[in-house]
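Colleague: Give me coordinates for this.
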Amino acid sequence: MGKIIAIANQKGGVGKTTTSVNLAASLGVLEKKVLLIDADPQANASSGLGIDVDNVEIGTYQILEHSNTPAEAIIKCSAPNVDIIPSHIDLVAIEIELVDKENREYMLKKALESIKDEYDFIIIDCAPSLGLLTLNALTAADSVIIPIQCEYFALEGLGKLLNTIKSIQKIHNPNLDIEGLLLTMFDSRLRLSNQVVEEVQKHFNDMVFDTIIQRNVKLSEAPSFGESIINYDATSKGAANYLHLAQEVIKKNSK
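Modeller: Here you go, the predicted structure:
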């Protein structure tokens, strides 16, 4: 039975896509079968794993519309043991198209039922908003990872996201858990970074992953080569961080 994990935060630039791509690749290297679903119209997770997004014919859009099955949308990518359902800019229109549909929040959940058992983990890269796309992802997910940037405005908006998660638990998905808060873009030289880490750990205790993703040039470079950090530079600090995170996720889900 595959565990579905959404990577969500309505703030942009906090490391959602970086985490989605590299957590998926790290789980794959650790011999887990992984499906990455790109649920962001910007399609950065797709291009970050070498998919030519301009030529995507079947992707997340068609699955949410139920015009194609997930099996028809799956593409094998360069990362070992990782498949992807890619995105396309067309996905922008889905919020308008689904708005009048019955059970519109359950479109992704329903679509994934046919393939859920074929994977150990299904990772959903969410759009930087709390719209219908993210709502679909959180309704389909078993848990959510929330990346938090180690910067001044890190906690701004977190309360709003946690409230959204609470209302989804109440109305659409009572089984939704918080897998963990993930601190990203950490720079040990900056006092502010250290203060944010302390604040988050103090307020959220066990909800925070032990792994902290450090600022790393290689992590920024990898997507432009269409590769995960594991493929691009397995010896980098970024690769070590995400492998450690993958081990934490596996350990947490083997209890």
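
Colleague: can you pull the contacts of the closest residue to Ser47 other than its chain neighbours?
Modeller: Setting aside the residues directly before and after it, Ser47 is nearest to Val53 in space (C-beta to C-beta, 6 or more residues apart in numbering), at 5.3 Å. From N, CA and C alone the C-beta is placed, and that goes for glycine too. Residues in contact with Val53 (C-beta atoms under 8 Å, 6 or more residues apart in numbering) are 43, 46-47, 86-89.

Colleague: So which helix or strand of the chain has the lowest pLDDT on average?
Modeller: When each helix and strand of the chain is scored by mean pLDDT, DSSP states H and E, helix 94-98 comes last, with a mean of 82.

Colleague: now that one, how far from the chain's geometric center?
Modeller: Helix 94-98 sits 21 Å away from the centroid of its parent chain (C-alpha atoms, centre = their mean, to the nearest Å).

Colleague: Now it - C-alpha only, CSV.
Modeller: Taking C-alpha atoms only, helix 94-98 is exported to CSV below (Å, rounded to 0.1, in the frame of the first residue of the first chain):
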residue,chain,number,x,y,z
ILE,A,94,-8.1,23.2,-13.9
GLU,A,95,-9.2,25.3,-11.0
ILE,A,96,-11.8,27.1,-13.2
GLU,A,97,-12.8,23.9,-15.0
LEU,A,98,-13.4,21.9,-11.8
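
Colleague: how about it: buried residues?
Modeller: For helix 94-98, a neighbour-count test (16 or more other C-beta atoms under 10 Å) marks 94-95, 98 as buried.

Colleague: Over to stretch 21-31?
Modeller: 21-29.

Colleague: buried stuff in the top strand by length along the chain?
Modeller: Scanning the chain for the strand with the most residues, using DSSP state E, yields strand 177-186. Going by neighbour count (16+ other C-beta under 10 Å), the buried part of strand 177-186 is 179-186.

Colleague: Among those, which one lies nearest to Leu130?
Modeller: Closest approach between the buried residues of strand 177-186 and Leu130, by C-beta to C-beta: Leu181, at 16.9 Å.

Colleague: Does the closest one touch Ile146 like I think?
Modeller: Yes - contact criterion C-beta atoms under 8 Å: Leu181 and Ile146 qualify, at 5.1 Å.

Colleague: partner residues bridging Ile145?
Modeller: Here Ile145 sits in beta bridges with Ile7, Gly180, going by DSSP bridges.

Colleague: How many residues are close by it?
Modeller: When neighbours are counted by other C-beta atoms under 10 Å, Ile145 registers 23.

Colleague: Likewise for the one 5 residues further on?
Modeller: The tally of other residues near Cys150 (other C-beta under 10 Å) stands at 26.

Colleague: ok, it to Val197 distance?
Modeller: In this view, Cys150 and Val197 are 6 Å apart by C-beta to C-beta, to the nearest Å.

Colleague: overlap in contacts of these two?
Modeller: Common neighbours of Cys150 and Val197 (C-beta under 8 Å, 6+ apart) are 183, 186, 212.

Colleague: got the contact list for stretch 165-179?
Modeller: 5, 105-106, 109, 135, 138-146, 207, 249, 252.

Colleague: Repeat that for stretch 42-52.
Modeller: By C-beta under 8 Å, 6+ apart, stretch 42-52 touches 17-18, 20-21, 25, 36, 38, 53, 56, 59, 75, 77-79, 82, 84, 86-89, 91, 125, 127, 222-223, 226-228.
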